[in-house]
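In: have a look at this fold, sequence not included:
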């Protein structure tokens, strides 16, 4: 579904990505790991058209999306849960969800308000609350629900559980497993190796803007030397 080939990106004269390549197949969950500052968010932003790449190609369903405007990329079926949540602070929970709702692919079982509220009962209780009055965990639930309301073919999460309380983190992981089981493809950035191993089919590790390791969950859990070298603090 999604193919990133030899992706390069820079901020001014400083190159950040050096030939990143990855793939996400239909119905697959792929994780992107690495320490802070290794290029994970830049990779996500390049895929979404937020940060235009300086080289390489990005394709979705065989069509090149490199250089396409971010809103057009979103309309083609990529739903983003950005780092820092970025919910609309002056809109209610209900308004956050319906403001970008769409079913452009005519999915016969689309994500609706009722379906999102069924997955996140806390949001149903807070549907009239403004976005800036929600807790961090509720904002993350809202960010996930908002992305789902676009009925994407691929859900992308940048730092899925960063800064959340342990119980809320577990709620998010449980919801992502349910979304996976429903057949939605997912590309996720996070630091929790144990939870990612339960969720994802394959993993890519970034180090200084390059893919230095890739493998399945069994390989990820067993390769302690790689974890220490590229993921340890």
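Out: That came through fine. Keep in mind that what you see is a predicted model, and the values were worked out from it rather than measured. Residues are numbered from 1 along each chain as shown.

In: so who does residue 159 touch?
Out: Residue 159 sits next to 41, 83-84, 189-191 when contact means C-beta atoms under 8 Å, 6 or more residues apart in numbering. C-betas here are computed from N, CA, C, even on glycine.

In: which SSE is the residue most central in space within the chain in?
Out: The centroid of the chain falls nearest to residue 157 when counting by C-alpha atoms, centre = their mean (1.7 Å). Assigning secondary structure by DSSP states H and E places residue 157 in strand 154-158.

In: which strands and helices sit next to that strand?
Out: Applying 3 or more C-beta pairs under 8 Å, 6 or more residues apart in numbering; DSSP states H and E, one finds that strand 154-158 makes contact with helix 40-48, strand 78-81, helix 136-148, strand 185-189.

In: next secondary structure element downstream of the first one?
Out: Taking DSSP H and E as the definition, the helix or strand that follows helix 40-48 towards the C-terminus is strand 55-60.

In: give me the nearest residue to residue 79, chain neighbours excluded.
Out: Beyond its immediate neighbours in the sequence, the residue positioned closest to residue 79 (C-beta to C-beta, 6 or more residues apart in numbering) is residue 152, lying 3.1 Å away.

In: thinking again about what came up before, weed out the non-buried ones from the contacts of residue 159.
Out: 41, 83, 189-191 (16 or more other C-beta atoms under 10 Å).

In: count of neighbours near the nearest residue to residue 24 once chain neighbours are set aside?
Out: Once its chain neighbours are removed from consideration, residue 24 has its nearest residue in residue 2; the separation is 4.3 Å (C-beta to C-beta, 6+ apart). Residues within reach of residue 2, counting by other C-beta atoms under 10 Å, total 23.

In: same check on the one 10 residues further on?
Out: Here the count is done by other C-beta under 10 Å, and residue 12 has 5 residues near it.

In: got the contact list for the strand holding residue 157?
Out: Surrounding strand 154-158, the residues in contact under the criterion C-beta under 8 Å, 6+ apart are 1-2, 24, 40-41, 44, 47-48, 60, 77-83, 144, 147-148, 176, 179, 184-190.

In: nearest to residue 69 among the contacts of residue 159?
Out: Distances from those to residue 69 were compared by C-beta to C-beta; the smallest belongs to residue 41, at 19.2 Å.

In: since that was my last question, I'll sign off now.
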